[in-house]
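[1] dropping the sequence and predicted coords here.
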There are 2 protein chains.
Amino acid sequence: MKGIRQLAKHLDISIGTVSRALNDKPDVNEETRKRVMAAAEELGYVANQSGRSLRQGTTNVIGLMIESSKETVENSDNFFLGLTGGLQSVLARHKLDLVMLPCPSDEDPYEYLKRMVARRVVDAMIISATQRIDRRIDLLVKAKIPFVALGRSSSGGNYTWIDLDFEGVAASAVDRLVAKGHRRIAIAAPSSDINLGYVFVDAYKQSLERHCIPYDPKLVIRVKSSEQGGYQAGHELLLLDNKPTAIILIYELMAIGLYRRLVEAGVVPGRDLAVIGFREEPRAKFLQPALTCFRMSLRDLGVELAETLLATMPAYAKFYPKGARNTIWPLELVPGESDAFFLNP
Amino acid sequence: MKGIRQLAKHLDISIGTVSRALNDKPDVNEETRKRVMAAAEELGYVANQSGRSLRQGTTNVIGLMIESSKETVENSDNFFLGLTGGLQSVLARHKLDLVMLPCPSDEDPYEYLKRMVARRVVDAMIISATQRIDRRIDLLVKAKIPFVALGRSSSGGNYTWIDLDFEGVAASAVDRLVAKGHRRIAIAAPSSDINLGYVFVDAYKQSLERHCIPYDPKLVIRVKSSEQGGYQAGHELLLLDNKPTAIILIYELMAIGLYRRLVEAGVVPGRDLAVIGFREEPRAKFLQPALTCFRMSLRDLGVELAETLLATMPAYAKFYPKGARNTIWPLELVPGESDAFFLNP
């Protein structure tokens, strides 16, 4: 790669003049500026922003740490890619770029993040898939890297998060099912230690309590957050002695696998079993009967994440007077046919 | 973030000793090393590798530039995420990390890449979705950034690429259909300027020629590389006067949309129309009748991409004696039922 020195030599102009031309300073005549730019293009000169970063202590790059587990890949999970448009629309206002940091499936996310922090690839970070105890939060707090967690955690420290409204989803799903006569309501919850599982199960229990329905731990079916997990949930549900009449899912693609297992067993969703899915997903749109689920805009969530993150960064906080607030991100019920029937009393 | 200076002050040890302890040099006693490491952890000290990079001229990070178009997101295209496992398994041997660089859908990929090169985020780059004329190749060649292109291009210069065997897919699909009596064979090709479209259409024409079948431009249906594009291809095919009896698709998710449009029109894939899909995809596995398509391992392709890229980098070339070769990546036919019937003569 050509540096400024080679460029100056090639043009037979002083380094200072070349630098001023490249940086669009006013004290360079137009002719010279054009010659410098043309030569820079021709010789493949690219400003070394790594040098700039070291002086300024910034890279102008924001990182989005994502999981790349076997499940994520096999399920073609579009969640993170769906966030990028909204994130980038905000970051572009400040000439910041987004990079995605895919944590290898066989590596501890804490160790991975520690290394990425050491590499100084990014100025600030969005972490996701927060665990109940998540040491990444302590690491970023201590290292004073501005960050936003997509997902809450029990890990301490004063940090900013945005999380989906799992409580609202659980409450409105349970209320809706109870109103149609259901009392035995199962949920398919993640088998991992991801924090959202705890939040959702707690909210489900509280919702049952409001309706004076006793909690039965057998109705909490723990499966992987995947299409296959949905299939497995259907399988386990069918094996229960005292079968539930309804099920609520906590991952968007579970519905596809669940429907498949139910159909295999001759159980018709929306007639023999009420089903409420989680986030509306293009691939689940073709399910018959249409799935009752919850809608949210990934793009808008991306915008909110970026604006919240920038509010935590001293250089940009002034543009975001709302500040670095913790936010519960709402989801809107989309009624379908999968839970439309009333249970005979 | 705490620097080495604050750490030394806190411990009341010289900066030199702290540095040697952190870098695991032998001339530091074990007790001191432990104290330094404990304090580093406690105070959130992280080595500034940005400083290191500037000296070494390296970041130890490899970039994978991806598209994040509306189609990619809506199709939950898992292609790039599927590559990461294989890429990372090779990069980890050399303590290198992978970042994904999602080019915003409203930005020119050339301008985006130019900025990412200037930011010096990565030491080397994998670019994808190569266009017929792709100025990114010239940019990387000129800037002397090691790179591998996933996809060929007509753009000049001496560069390394890996591409899928579109010629092999076209030839074996046409041969297979001709052997079953088809003479009017359509293809659904990308409407964009992506290079693979040209490669595929050329190979299709040559395959027809081998069988002395005249080429009919009406049978090349140009649509978006998406599920919706497959639906559109089905729609246009049904409007043709002299209908084809078979269709070959060039994008994996087109089959889902195509089947839907055919079923709506009462046309049964595998009975009324022969269909050959492109890459085998988890979501297309549930199509009935089972889709004839082509199998490849994204993980293995990721490994090949990483090894080829490292072979182009002076610091790693010695580990990859096969060198930086251009590779046509084979796909294996997976026979299904969607093209199993013989056409009545």
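    Okay, I see it.

[2] low-scoring stretches of the stretch 201-345 of chain A, by residue?
    Along the stretch 201-345 of chain A, segments meeting pLDDT under 70 span A:345.

[3] how close does the nearest residue to A:L240 once chain neighbours are set aside sit to A:G181?
    Closest residue to A:L240 apart from its sequence neighbours, by C-beta to C-beta, 6 or more residues apart in numbering or on different chains: A:K218 at 6.4 Å. Glycine gets a C-beta too; all of them are placed from N, C-alpha and C. A:K218 is 20 Å from A:G181, where distance means C-beta to C-beta, to the nearest Å.

[4] A:V121 contacts B:V61, doesn't it?
    Yes. Using C-beta atoms under 8 Å, A:V121 makes contact with B:V61 at a distance of 5.8 Å.

[5] look at A:E71 and report its pLDDT.
    You'll see A:E71 listed with a pLDDT of 68.

[6] what's the answer for A:S105, then?
    Reported pLDDT for A:S105: 85.

[7] excluding residues flanking it in the chain, which one is nearest it?
    A:S69 (4.6 Å).

[8] can you count the residues close to that neighbour?
    22 (other C-beta atoms under 10 Å in any protein chain shown).

[9] relative to A:P190, how far out is it?
    On the measure of C-beta to C-beta, A:S69 and A:P190 end up 12 Å apart.

[10] same check on A:G266?
    28 Å.

[11] which of the two has more neighbours?
    Using other C-beta under 10 Å, the more surrounded residue of A:G266 and A:P190 is A:P190, with 21 against 7.

[12] ok, the more buried one touching A:V201?
    No. With contact defined as C-beta under 8 Å, A:P190 does not count as touching A:V201 (9.6 Å).

[13] if we can go back for a sec, common neighbours of A:V121 and B:V61, please.
    Overlap of the contact sets of A:V121 and B:V61 (by C-beta atoms under 8 Å, 6 or more residues apart in numbering or on different chains) consists of B:97, B:99, B:121.

[14] in the stretch 101-250 of chain A, what residue lies closest to chain B?
    A:K142 (2.8 Å; C-beta to the nearest C-beta).

[15] and for that residue, the neighbour number?
    18.

[16] ok, A:A306 - contacts?
    A:A306 neighbours (C-beta under 8 Å, 6+ apart): A:62, A:86-91.

[17] ok, for A:P104, nearest residue in space, not its chain neighbours?
    B:Q88 (4.5 Å).

[18] ok, now how distant is the one you found from A:M100?
    Counting by C-beta to C-beta, the gap from B:Q88 to A:M100 is 13 Å.

[19] what do you get for A:E304?
    Following C-beta to C-beta, the distance that separates A:E304 from A:M100 is 18 Å.

[20] neighbour count winner among the two?
    Neighbour count, other C-beta under 10 Å: between A:E304 and A:M100, A:M100 has more, with 26 against 21.

[21] need the three-state assignment for that one.
    strand (DSSP: H, G, I helix; E, B strand; the rest coil).

[22] my guess is it contacts B:L98. True?
    No. Contact status for A:M100 versus B:L98: not in contact, 9.5 Å apart, counting by C-beta under 8 Å.

[23] contact partners for the closest residue to A:H182 other than its chain neighbours?
    Nearest residue to A:H182, sequence neighbours excluded (C-beta to C-beta, 6+ apart): A:A246, at 4.4 Å. With contact set as C-beta under 8 Å, 6+ apart, A:A246 has these partners: A:177, A:182, A:184-186, A:273-276, A:339.
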